[in-house]
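> Fold the stuff below for me.
(2 chains)
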Number of protein chains: 2
Amino acid sequence: MAAAAKIQSFKCIIFLLSASIILNLYFIVNLYEGSEWNLSWSSKAAREAEAVAAISCSGHGRAYLDSQVFYGNQPVCECNSCFSGPDCSLFLPGCAADAESGDPLFLEPFWMKHAASSAILIAGWHRMSYRFTHASFISQELEKKIRKLHSITGNAVTENRFIIFGAGSTQLLNAAVHALSSDYNSSSSTARVVASMPFYPLYQEQTDYFESVDYKFEGDANLWGNASSDTHLVEFVTAPNNPDGQMNKAVLKGPYAKSIYDHAYFWPHFAAIPAPADEELMIFTISKLTGHAGSRFGWAVIKDEAVYQRMLAYIGLNTMGVSRECQLRAFKLLKVVLEDGGNNIFEFGYSTMKKRWENLSKIISLSSRFSLQEIAPQYCTYFKKIRPPSPAYAWVKCEREEDKDCYEILKAAKIIGREGKKFRAEARFVRLSLLKSQDDFDLLLHRLDELISKE
Amino acid sequence: MAAAAKIQSFKCIIFLLSASIILNLYFIVNLYEGSEWNLSWSSKAAREAEAVAAISCSGHGRAYLDSQVFYGNQPVCECNSCFSGPDCSLFLPGCAADAESGDPLFLEPFWMKHAASSAILIAGWHRMSYRFTHASFISQELEKKIRKLHSITGNAVTENRFIIFGAGSTQLLNAAVHALSSDYNSSSSTARVVASMPFYPLYQEQTDYFESVDYKFEGDANLWGNASSDTHLVEFVTAPNNPDGQMNKAVLKGPYAKSIYDHAYFWPHFAAIPAPADEELMIFTISKLTGHAGSRFGWAVIKDEAVYQRMLAYIGLNTMGVSRECQLRAFKLLKVVLEDGGNNIFEFGYSTMKKRWENLSKIISLSSRFSLQEIAPQYCTYFKKIRPPSPAYAWVKCEREEDKDCYEILKAAKIIGREGKKFRAEARFVRLSLLKSQDDFDLLLHRLDELISKE
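Numbers count the residues shown, from 1 in each chain, chains lettered A, B, ... in the order given. Just a heads-up that it's a prediction; the model follows:
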């Protein structure tokens, strides 16, 4: 019996030892794989971010670190439009499809999928100074990434060009107007700022609002084609165009005509890249590239050093450059974009937008009341193939004689677009955004389907 | 022998079991304390941030996530001025003390000490939209923190006031000029923008540069005291004043005189808080509060709704609000500031600045060639005591008749200040910044000591 008991307890100890070693191995493997045990001061912020990301909003919303806190300490869900309730699970049945804004949330799922590579942890002492070590407001490492991005995408020439950052393309647009107008200072004549209709409303709103002694908004570019050759003209050229997706070119020529090329949508998501753009002054933004409209980050690619210097002065006196947090985020996001030569994000963006366009076109084709802009398939040097259209917006026309106010027609059917008049087009046009969240787009299709099936 | 061997191996197994259990306990305790094993997608960013923070720059510099990468993958140290070498350990012997800029790096050690509470981890999908859910460009949670901050500091009335955010006070200053000038639009007269000398040079540079049809910079406020009562005046009032630390008040009165109170330095670090400021339009910035000049975050507190609406329009058309990364960072930093009613940061800021002022005053008092501005001790409602001065800048005067260009006198002694002329003062004044890193300040004292000991 004593021997049997000994054997029994021996077996028991061997079992315990094995279990303990297995548990240790489990710990060690985890330690090695995650190596989070080396974390000290950063772990609190990391845990906070993961806790917020884990809040369930039913796929129809999300909570953020700076979301409102109603009860206790937990931030509340911010729901997509037409969804409600503490976890955004409640669909509001009579809700209108909002396709008004160009909010690029179609890219949100991409970043949720690339969570690990796109996250950044910002230390409390990160870049407190007004300037980078080389005394500028610009991150040289970010500038390198931007040049690399244009090189792999093939959408713009950046060799021997100056690059300047701004708070979105918004700030750079007026900085460019300012720089190109003061170019004429010697002659003391006012520059006429124009654009081809239909055009992005901000051009006029902004130019009117900040109207200086040097420039004045004058509307349609086509009315200035026969202006005397010494009239100073600054033309906004949007390519692809917002709202209609056409690859606009400057309509004004001559020694006193300058162009600002707004290339916000010149990415493989939205258009074929036929060749690298090589204009005097080109403006880009991450809003429509990575979808981070809230970050307010854009850049200009500039040939002429004098224009570059004037834009630098503008950004310096206006905001002392772009927020360092924003530059760090843009740096990280572009790092992810560049990791595989852009394939991941451009494939995702293009296939999402193409599918949305196909679905929308299919519904509209059943209607004789509404029509869409036509965009021809074109060879894309990025995808190395002829590709069908995938524009950011549908430029809808009400075809019936009596449907003069297309915005109101759609609104009555619970579809909110942006009025054609805002783009200086006829009221029979409306812009519908295809860029928003999948919820917004699905509801747009649903409301259109309801409307058209009644024809 | 067989029994002895058995006992031996039994002992050995017991020893292994004990060791294994101890190791298990160690893992379990760590797991419980750190709970980082719950981390998944955030751990890479956290590890990257800690790795960069761990790069040794000898206490005379720091590496950032977006610092330049020369060899391999490791970002290089960015050294304080006058330090060099891969780890910033090399002092450059003949180097001039640079006291030119108002870079508030004296607060950097505070944030290094509060690393865990001040870090933020930003997910790739954080706030991609143009707007917050309530359709504005402003984080409501951050606005709450700002109101709370003024309430605990007692430096400004915010009840029934509007708050607007800008890219540093820089953007808000011109937004305010714009808003207060267009106030007079009905009469179509140009507003005269003025300030009391000596004043912060940006007021003039910015107002001249963005000169619109509505306003024009006209220099010294005191020259406009007898202007006709219907002259439209906009006065910049800086309190405490940059450069001389005086608590300025508006010099112009009357129905057509409006003031923009720049309260960048109205924090317990730099001045006594005699009572909450209660002006029509007050501008604040985190640059001089937390030291995060690079973040570009400021706010205005506004009484009149019409002025608020015009400033909102300005910020909207200029940059579409402030970067969401920047707002999140400000939110987190203010959270740390508020945690203990501001005691930690205000004690740190005040004691650092007071000590610097004492050390500087002691050296200057040995000189008959140089003098400093005088600031009287005053009762501070925040510290609940009479407190000696601790200004952000020394406003140095060269007293000798022949020392007409004080900037050049100091420069010859390897001290770089900012010329009095830039503040519209006599050339016999120079501003020396006391806000920079400890390295910069120590070298400033050293160079001053060298200069004065030669007298």
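> What is the neighbour count of the closest residue to residue A:221 other than its chain neighbours?
Closest residue in space to residue A:221, ignoring its immediate chain neighbours: residue A:194 at 4.1 Å, by C-beta to C-beta, 6 or more residues apart in numbering or on different chains. Where you see a C-beta, it was placed from the backbone N, CA and C, and this is true even at glycine. By the criterion of other C-beta atoms under 10 Å in any protein chain shown, residue A:194 has 26 neighbours.
> And the contacts of the strand or helix carrying residue A:194?
Assigned by DSSP states H and E, residue A:194 belongs to strand A:191-195. Residues outside strand A:191-195 that contact it (C-beta atoms under 8 Å, 6 or more residues apart in numbering or on different chains): A:177, A:180-181, A:184, A:203-204, A:207, A:214-221, A:223-224, A:227, A:231-238, A:252.
> from the residues you listed, which ones fall inside helices?
Among those, the members found in helices (DSSP state H) are A:177, A:180, A:181, A:203, A:204, A:207.
> Any idea which of those residues the model trusts least?
Ranked by pLDDT, these bottom out at residue A:181, which has 93.
> List the residues that contact that one.
By C-beta under 8 Å, 6+ apart, the neighbours of residue A:181 are A:190, A:191, A:193, A:212, A:214, A:215, A:232, A:234.
> Which members of those residues are the farthest-apart pair?
Spatial extent of these (C-beta to C-beta) is set by the pair A:212 and A:232 at 13.5 Å.
> domains in chain A, as residue ranges please.
Here the domain parsing of chain A from automatic domain parsing is A:43-95, A:98-109+A:343-453, A:140-338.
> circling back to that earlier point, from the contacts of residue A:181, which single one is nearest chain B?
residue A:212 (5.3 Å; C-beta to the nearest C-beta).
> would JSON lines of the contacts of residue A:181 with neighbour count be doable?
Shown next, in JSON lines, are the contacts of residue A:181 (neighbours: other C-beta atoms under 10 Å in any protein chain shown):
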{"residue": "A:190", "neighbour count": "17"}
{"residue": "A:191", "neighbour count": "25"}
{"residue": "A:193", "neighbour count": "27"}
{"residue": "A:212", "neighbour count": "20"}
{"residue": "A:214", "neighbour count": "21"}
{"residue": "A:215", "neighbour count": "22"}
{"residue": "A:232", "neighbour count": "21"}
{"residue": "A:234", "neighbour count": "30"}
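> Which residue ranges of chain A form helices?
Going by DSSP H, chain A shows helices at A:2-34, A:43-53, A:108-113, A:115-118, A:140-153, A:168-182, A:202-209, A:305-319, A:324-338, A:343-365, A:406-412, A:438-453.
> What is the shortest one packed up against?
The contact analysis (3 or more C-beta pairs under 8 Å, 6 or more residues apart in numbering or on different chains; DSSP states H and E) places helix A:115-118 against helix A:324-338, helix B:43-53.
> Deepest in the core, which of these is it.
helix A:324-338 (a mean of 24; mean count of other C-beta atoms under 10 Å in any protein chain shown).
> right, is that helix up against chain B?
Yes. Using C-beta under 8 Å from any C-beta of the partner chain, helix A:324-338 reaches chain B at A:324, A:325, A:326, A:327, A:328, A:329, A:331, A:332, A:333, A:336.
> Could you find the closest non-adjacent residue to the fourth one?
The one in question is residue A:327. Nearest to residue A:327 is residue A:139, by C-beta to C-beta, 6+ apart, at 4.6 Å.
> The nearest residue to residue A:430 once chain neighbours are set aside: neighbour count?
Excluding the flanking residues, the one nearest residue A:430 by C-beta to C-beta, 6+ apart is residue A:417, at 3.9 Å. For residue A:417, the neighbour count with other C-beta under 10 Å is 25.
> contacting residues for residue A:417?
Applying C-beta under 8 Å, 6+ apart to residue A:417 gives the contacts A:99, A:100, A:396, A:406, A:407, A:410, A:430, A:431, A:432, A:433.
> cool, and residue A:19?
By C-beta under 8 Å, 6+ apart, the contact set of residue A:19 is empty.
> follow-up on the earlier one: got the contacts of residue A:181 as CSV, with pLDDT and distance to residue B:368 columns?
Converted to CSV, the contacts of residue A:181 look like this (pLDDT from 0 to 100; distance: C-beta to C-beta, whole Å):
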residue, pLDDT, distance to residue B:368
A:190, 90, 57
A:191, 94, 57
A:193, 97, 60
A:212, 85, 50
A:214, 90, 51
A:215, 93, 55
A:232, 91, 59
A:234, 96, 59
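> ok so, going back, where does the residue nearest to residue A:430 sit relative to chain B, distance-wise?
For residue A:417, the distance to chain B equals 17 Å [C-beta to the nearest C-beta, to the nearest Å].
> got the contact list for residue A:100?
Residue A:100 touches A:416, A:417, A:418, A:433, counting by C-beta under 8 Å, 6+ apart.
> Revised request: answer the last question for residue A:284.
A:146, A:156, A:169, A:263, A:264, A:266, A:298, A:299, A:300, A:301.
> just checking, which of those belong to strands?
Among the contacts of residue A:284, the ones falling in strands (DSSP state E) are A:298, A:299, A:300, A:301.
> Residue A:40 contacts residue B:50, doesn't it?
Yes. Under the criterion of C-beta atoms under 8 Å, residue A:40 lies in contact with residue B:50, with a separation of 6.8 Å.
> returning to that earlier point: will you turn the helices of chain A into CSV that also has distance to residue A:242?
CSV is the format used below for those (distance: least, C-beta to C-beta, whole Å):
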stretch, distance to residue A:242
helix A:2-34, 45
helix A:43-53, 32
helix A:108-113, 21
helix A:115-118, 27
helix A:140-153, 19
helix A:168-182, 11
helix A:202-209, 9
helix A:305-319, 22
helix A:324-338, 22
helix A:343-365, 14
helix A:406-412, 17
helix A:438-453, 18
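> between the ones you listed, which one is nearest to residue B:129?
helix A:108-113 (9.0 Å).
> How far off centre is stretch A:320-329?
Distance of stretch A:320-329 from the chain centroid (C-alpha atoms, centre = their mean, to the nearest Å) equals 16 Å.
> and it, average pLDDT?
Taken as a whole, stretch A:320-329 has a mean pLDDT of 98.
> Could you export it as CSV, keeping only the C-alpha atoms?
Provided in CSV are the C-alpha atoms of stretch A:320-329 (Å, rounded to 0.1, in the frame of the first residue of the first chain):
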residue,chain,number,x,y,z
MET,A,320,2.3,78.6,-38.7
GLY,A,321,2.2,75.4,-40.6
VAL,A,322,0.2,72.2,-40.1
SER,A,323,-0.4,70.5,-36.8
ARG,A,324,2.4,68.0,-35.9
GLU,A,325,-0.1,65.4,-34.8
CYS,A,326,-1.7,65.6,-38.2
GLN,A,327,1.6,65.4,-40.0
LEU,A,328,2.6,62.3,-38.0
ARG,A,329,-0.8,60.7,-38.8
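> what's next to that stretch, contact-wise?
Here stretch A:320-329 makes contact (C-beta under 8 Å, 6+ apart) with A:120, A:122, A:126-127, A:130-131, A:136-139, A:142, A:165-167, A:292, A:295-297, A:315, B:64-66, B:122, B:167-168, B:170, B:294-297, B:322-323, B:325-326, B:328-329.
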